[in-house]
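Visitor: one predicted model, sequence on top.
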4 protein chains.
Amino acid sequence: MIIVVKNEGDKKKLDNLTNWIKNLGLDIHYSKGETSTILGVIGDTSKVDIDLIRSLDIVDSVTRIQEPYKKANRKFHPDDTIIDVGGHKFGGNHFQMIAGPCSVESETQIIEIAKAVKEAGATLLRGGAFKPRTSPYAFQGMRGEGIELLLKAKAETGMPIVTEIMSAAHLDMFRDVDVIQVGARNMQNFELLKELGKTDKPILLKRGFANTIEEWLMSAEYIMSEGNEKVILCERGIRTFEPTTRNTLDLSAIPVLKEKTHLPIVVDPSHASGISRLVPPLSLAAVGAGADGLIIEVHNNPPKALCDGAQSITPSQFSAISQKIGVMLGLVGKRMD
Amino acid sequence: MIIVVKNEGDKKKLDNLTNWIKNLGLDIHYSKGETSTILGVIGDTSKVDIDLIRSLDIVDSVTRIQEPYKKANRKFHPDDTIIDVGGHKFGGNHFQMIAGPCSVESETQIIEIAKAVKEAGATLLRGGAFKPRTSPYAFQGMRGEGIELLLKAKAETGMPIVTEIMSAAHLDMFRDVDVIQVGARNMQNFELLKELGKTDKPILLKRGFANTIEEWLMSAEYIMSEGNEKVILCERGIRTFEPTTRNTLDLSAIPVLKEKTHLPIVVDPSHASGISRLVPPLSLAAVGAGADGLIIEVHNNPPKALCDGAQSITPSQFSAISQKIGVMLGLVGKRMD
Amino acid sequence: MIIVVKNEGDKKKLDNLTNWIKNLGLDIHYSKGETSTILGVIGDTSKVDIDLIRSLDIVDSVTRIQEPYKKANRKFHPDDTIIDVGGHKFGGNHFQMIAGPCSVESETQIIEIAKAVKEAGATLLRGGAFKPRTSPYAFQGMRGEGIELLLKAKAETGMPIVTEIMSAAHLDMFRDVDVIQVGARNMQNFELLKELGKTDKPILLKRGFANTIEEWLMSAEYIMSEGNEKVILCERGIRTFEPTTRNTLDLSAIPVLKEKTHLPIVVDPSHASGISRLVPPLSLAAVGAGADGLIIEVHNNPPKALCDGAQSITPSQFSAISQKIGVMLGLVGKRMD
Amino acid sequence: MIIVVKNEGDKKKLDNLTNWIKNLGLDIHYSKGETSTILGVIGDTSKVDIDLIRSLDIVDSVTRIQEPYKKANRKFHPDDTIIDVGGHKFGGNHFQMIAGPCSVESETQIIEIAKAVKEAGATLLRGGAFKPRTSPYAFQGMRGEGIELLLKAKAETGMPIVTEIMSAAHLDMFRDVDVIQVGARNMQNFELLKELGKTDKPILLKRGFANTIEEWLMSAEYIMSEGNEKVILCERGIRTFEPTTRNTLDLSAIPVLKEKTHLPIVVDPSHASGISRLVPPLSLAAVGAGADGLIIEVHNNPPKALCDGAQSITPSQFSAISQKIGVMLGLVGKRMD
């Protein structure tokens, strides 16, 4: 960590700062220039609050050299992490297609879709039981009952299931869930992340719609620091000024993350745009950018869906995407298995 | 709600849409034009998911006429809500100064600051016990013990206390807290909001750093819809592309909210900018914009603070701000009481 | 255009509004509800200032049904526009690779690169003569002399050239340029757009880094409304809060634009990210999203480049991208010719 | 400037970088650590392109210690710049009220408003002759004729006039204009800035709606580097995700700029919000934040205005604002003169 301190600053404030740094067990290397002094801070700076230092009167700028995340950092774990979910692998040269409806609505519905998406090329089944909705008056999901129905669909088709958690108080209900999803709005619900870190379940961690890549990796670190290193990152769009799409899918994040972390990264093109017509081109784009998988909303009868149905594509559209991706994967050194 | 439907669209899809709307107990008024048909949806549209409709293939645009929030809506509650906290009122022509350290660190520290800020013009005491930190390796607050220390400072000075909650599982510890704060990162932690809605405590609801004003009011609605109507909104800056300040304080939100809602609104100039030198001008600006109060970080010894200390001002700087605000309040029709 | 007017509003203000609308030659269809009245405005509303109406006291909301652009609108021009540049076509099922250095630096340099990129699969040559630089102290390009050198490279290789204009006062120097580029910072330099609309040159119109898709199409409309319909759009990233990349490439814009306009769209992955390592994956992603071409910075000796050199890839890296794209184009129904 | 270079990087690339830096006449101080080497670059780094260096493969991060602007920099010009416009001073402890209509529409209109705003407390007259409009089909202003009418209003009232330029080709028409305004969309029209730098007119430089404070100061530097140091900055809102206001007024920019530059700063609350009801509270907020003046749209008959009329307030509302500001100025150490 490099701290540039103004020379005209108060000597006593500088002493306070350097003592505080040394008390954290870190060393300082000084380099005095004409108008400013450079402090090179040496040691494990991951526990240092960079915002605090940046806001000090005497400080001109602070630059972190060492990233604040360790367990998620590729520097300390050069090989890709490969996470096995019921025989389906995330990471490395593997590619997975997760598909299913926005919400679980009934036993017939979820089993029917599960069969259809499996037939169309999906390897895992997704479906919302707990639904984070902006309005308290909107449908909040079938909750515990929804999870039961997903498990029936799993029993019927053999597909592992992915579903979202909204509170650590519901963890008991997720006992038989294969992958627990953390939604964008809970990406910095640190109390929830810590509890998930104490489980041994793969966690699909969606990016908060206004969070930086570094903050996202720090949330992965929250889970990993508690012992659970099975984190799958999921890019689902960030909030920008552009109104034609619900969010702006940040595909540059894929190659950036591939450098910074060893964790697998999947892309959700359905929620990013909120427009089902954009799902096929954005799916191919995600593969081109290097994603390790896709999570796509598929509905057997879009106009009837209780929620988000219209961002869903049909099983036959999904099948067409799968086939094109099958052709593309060779170009990016991956295979669907 | 007005839905503009493309005329070239599939007739069956239009029927699906109109049936779905009617099943929600709403009426439709049709107006067919040359290239599009306008559906005027009549009735209580607050439970309608506007995003769903917007994303349908046949839909060109959707405009909500009725706001999706009711209990927070000034239309249905024209008078300002006034929330009394231990004799200190928020809303109407009242103005409050909440002050205190970022984190509670020790009994001596919190009592010393509490006395100093009371002397300097503060009416409520703030202090962090549970701290949401980006890094799992950073100081996470004294948690339950911190709340005990705040209660001691309250006993000593008579000031009501404001402190942040991070999980409904901790609610028991907040039994004697006067105002429970929901931080920016939890503004859409809907499970937490619902639980707070079942309490009778005033809730200080910070705006998420990437949430719109409408989403913020919907989060207030979550609390209010469960029965607790004592919500104080707190603007604390939004995430933008400008890097010199941590966030961009959105003061336009104050007069906008004054039109849309009857709830009181306070401003946090400390966290918005992350720079203590900006706190005095932004405090005056907030008063000019029409805020009902300020929440300011004050520390008796900034360089020693464990966290965010440098965005804190000293009690004497706080006193200078209070005095200027005292002069300004007359111009905006408010008084400190 | 649908205008929702509050019923509690001033009757006289409503009359002012409706008279003003009628004076623009438009008709109004009224529909009075309980709390608001809906005005359906019929006729050519492209000259109506939606911001003006939105900001009126009595107005609750305004929704444009008809897009404000006409010549750029796919509704009135359903077939893809195909722009021929020296035998290389943009639009339809054609795909072009534009490549070259950030800046023209010398005759040897530009001719050497031109040959190398042609060999590696490029069909047009790009190179900056006039350089928009944030700092007045930075290298501003070789200007007129740079264009002369580009023309020599064209004479040598037969490749058409693309280069940026910064002021209509320089138009004379662009007489023999094949495609005139308008940079992101000049996307709303309306006086420049009007002058370019009077030429018969193809214009490569880059998206402003903070402009919406609608604003971008309105800028295309400025050029087209003066008579020049040969506009090629170029997505090059938008400004967001994410700091790891210079800008966030908005690939969702490609399929969105394909619905809204008949104009060809190319993608610039070099400037979006500012990191050459990201150019290969983002190039494949752009093809997957449906782009009609790519414009890529290529430099024969990156470390020596005077400007932006480091976002450049080498000719051999460019060749590898070209080959992969060759394989992919079949999947998206395009071919390089 | 501090450059952190990865140790695992290519030795030859590092040599290329250091040679390139030395060729710019700069010195380098090396400090080799375990995983990275720190290059302290000493000398005038204002001509170094930080983006170029940041994007090099071997570079981990770059931090500028010295700001890239010199003439606009308070470090080299500690005293406030005071700009005199016809006896009205901008900067220091002075405060100015600029008022007038969005567009000049007729001689009667502009003279009538000029008299009304002067009576109501304005010290300078603004009015648009050249209007930057998103749509080519919208009213583009009276152009040269509009300037003639402004000059008549000046002759009638004695008020100096402020009006916007859109192209250096129009400079002749601005011969008798007192303050030339550069609009947000032209803030990085560098060719225009250079031409304005060759005049001796005060320039009111609006912030681009998506430009950082540093980019804004660099645009001021473009003008100043050509010899014209009379630049007045004008904050007018930045583009964010919040849709209720047209832009988000960034009042934190005022105290930030007061530290970074000696140039005066005025605020435009009319264009920022696009809602006239917000102008009074935002005006007081701007004064509280430390602005050196306000530029407000005032119209004698808002519903009739040709453009942006609805963001205008009436002369009597303007008078009420002026009076409150008169009371507030003492608190911020300023006076209207």
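Guide: Happy to help now that I have it.
Visitor: return the distance of residue A:254 relative to chain C.
Guide: 7 Å (Cβ to the nearest Cβ, to the nearest Å). Every C-beta, even on glycine, is put in place using the N, C-alpha and C of the backbone.
Visitor: same check on residue A:91?
Guide: From residue A:91 over to chain C (counting by Cβ to the nearest Cβ), the distance is 17 Å.
Visitor: nearest residue to that residue other than its sequence neighbours?
Guide: Among residues not flanking residue A:91 along the chain, residue A:264 sits closest, at 3.7 Å (Cβ to Cβ, 6 or more residues apart in numbering or on different chains).
Visitor: distance of the one you found relative to residue A:241?
Guide: Shown here: residue A:264 relative to residue A:241, a distance of 31 Å by Cβ to Cβ, to the nearest Å.
Visitor: and these two? which has more neighbours close in?
Guide: Between residue A:264 and residue A:241, counting by other Cβ atoms under 10 Å in any protein chain shown, residue A:264 is the more crowded of the two (28 against 22).
Visitor: do you know the pLDDT at that one?
Guide: Confidence at residue A:264, expressed as pLDDT, is 98.
Visitor: go on, residue A:232?
Guide: Listed pLDDT for residue A:232 reads 98.
Visitor: that one: which element?
Guide: Per DSSP states H and E, residue A:232 falls inside strand A:231-235.
Visitor: show me what that strand is packed up against.
Guide: strand A:203-206, helix A:213-225, helix A:253-260, strand A:265-267 (3 or more Cβ pairs under 8 Å, 6 or more residues apart in numbering or on different chains; DSSP states H and E).
Visitor: among the ones you listed, which comes closest to chain D?
Guide: Chain D lies closest to helix A:253-260 among the helices and strands packed on strand A:231-235, at 11.0 Å (Cβ to the nearest Cβ).
Visitor: which strands and helices sit next to the closest one?
Guide: On a contact count with 3+ Cβ pairs under 8 Å, 6+ apart, helix A:253-260 meets helix A:213-225, strand A:231-235, strand A:265-267, helix A:279-289, helix C:279-289.
Visitor: circling back to that earlier point, distance of the residue nearest to residue A:91 from chain C?
Guide: Residue A:264 sits 16 Å away from chain C, going by Cβ to the nearest Cβ.
Visitor: go on, residue A:188?
Guide: Applying Cβ to the nearest Cβ to residue A:188 and chain C gives a distance of 14 Å.
Visitor: can you check residue A:203 too?
Guide: Distance, residue A:203 to chain C, by Cβ to the nearest Cβ: 22 Å.
Visitor: look at residue A:133 and say how many residues are nearby.
Guide: A total of 18 residues lie near residue A:133 under the criterion other Cβ under 10 Å.
Visitor: need the pLDDT of the residue in chain A positioned nearest to chain B.
Guide: Closest residue of chain A to chain B, Cβ to the nearest Cβ: residue A:210 (2.8 Å). Note on residue A:210: pLDDT of 93.
Visitor: excluding chain neighbours, what is closest to it?
Guide: In space, and not counting its chain neighbours, residue A:210 is closest to residue B:210: 2.8 Å by Cβ to Cβ, 6+ apart.
Visitor: tell me who's in contact with residue A:236.
Guide: Contacts for residue A:236 (Cβ atoms under 8 Å, 6 or more residues apart in numbering or on different chains) come out as A:184, A:206-207, A:209, A:247, A:249, A:267-268, A:271-272.
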